[in-house]
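> Give me a model of this one.
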Amino acid sequence: MRRKWLIKQDPGFNPSVDHGNGNTLLHLACGGDLRFPVIPVLLAHPDIDANLKDRHGQIPFMWACLNGLIPCVREMLKDSRVKVNEPNNDGNTPLWWSAYYGHIDAIRWWIASGREMDFGEPGDVGKTDAIGVAKMNGREEVVALLERYKKHPEKTGHAMRVELGLLDEMAAEVFALVVFVSDGLLQIIDITPSPAARFFSIVTQLPLELQMVLCYRVVGSSKEIIPGKDSEAAFKNLGKRLA
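Sure thing, here's the model as predicted:
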């Protein structure tokens, strides 16, 4: 939180400073070295260049795809300035790296976003051929998805948006559970401590309005399902559905 505040408040902050080997803060965030919430703040900076390359010629989006960091991939796919098919010094593309490591969820969100996808040169499995390198590494799910998308891009894209939209709806229903707990209609029994149980134990001590804010922060995409101005009514309606 303090890092975000400094980025917003410091008029002299330069988001493109080299932190070693050509890595900017955006590179570090997409490489998993910084917390994800810093990415939207960096992308909102007026002087940000989302396509700066490190010493390997890799832009931040490529690091997100290489590491399979889904929140980073999703956030950067939303930004039209990001060159999602930009190759590195070796000619590898972000999609090639996702296919190489079998990061199917990154590919699913990419398809759902509608952004252009470069499958590479067939047979060039060492550099660009995403389907070829996935086959070589036994990533059967990735191969099936990419081949389906290549043949029927609009149909597959629609299917991905529906499927991933269901995840957002499930996340929205978590809000209803929070309301139920805060109203004393449900009780969390913490037999084996888990991150979810700890989250609920903290959140349910707070006013309902603040609970909503925290939940939006946790599953941000659901704000598209539940409009902020009608959030309390929407929470109650979801609660009735779960009753």
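> okay, CA-based contacts and neighbour counts for the rest of this
Noted.
> So, low pLDDT: which residues of this protein?
For the chain, the stretches with pLDDT under 70 are 1-12, 33-37, 165-243.
> Please repeat the previous calculation with a cut-off of 80.
In the predicted model, the chain carries pLDDT under 80 at residues 1-16, 18, 32-38, 41, 46, 162-243.
> Which residue ranges make up the domains of it?
Here the domain parsing of the chain from automatic domain parsing is 2-151, 166-242.
> Now for Gly120: which residues touch it?
Gly120 makes contacts with 93, 96, 128-130, as judged by Cα atoms under 8 Å, 6 or more residues apart in numbering.
> so how far is Gly22 from it?
Note on Gly120: its distance to Gly22, by Cα to Cα, to the nearest Å, is 26 Å.
> now Ile48
In terms of Cα to Cα, Ile48 sits 15 Å off from Gly22.
> Repeat that for Pro15.
As judged by Cα to Cα, Pro15 and Gly22 stand 12 Å apart.
> again with Pro87
Counting by Cα to Cα, the gap from Pro87 to Gly22 is 16 Å.
> Asp124 too?
Taken as Cα to Cα, the span from Asp124 to Gly22 is 28 Å.
> Those two: which is more packed in?
A side-by-side neighbour count of Asp124 and Gly22, using other Cα atoms under 10 Å, places Gly22 first with 17 against 13.
> Contacts only, for the closest residue to that one other than its chain neighbours.
For Gly22, ignoring the flanking residues on the chain, the nearest one in space by Cα to Cα, 6 or more residues apart in numbering is Asp54 at 3.9 Å. For Asp54, the contact set (Cα under 8 Å, 6+ apart) comprises 21-24, 27.
> Run through the helices of this protein in chain order.
2-9, 25-30, 38-44, 60-67, 70-77, 94-101, 104-113, 130-136, 140-151, 153-182, 195-203, 208-218, 231-242 (DSSP state H).
> Thanks a lot, see you next time.
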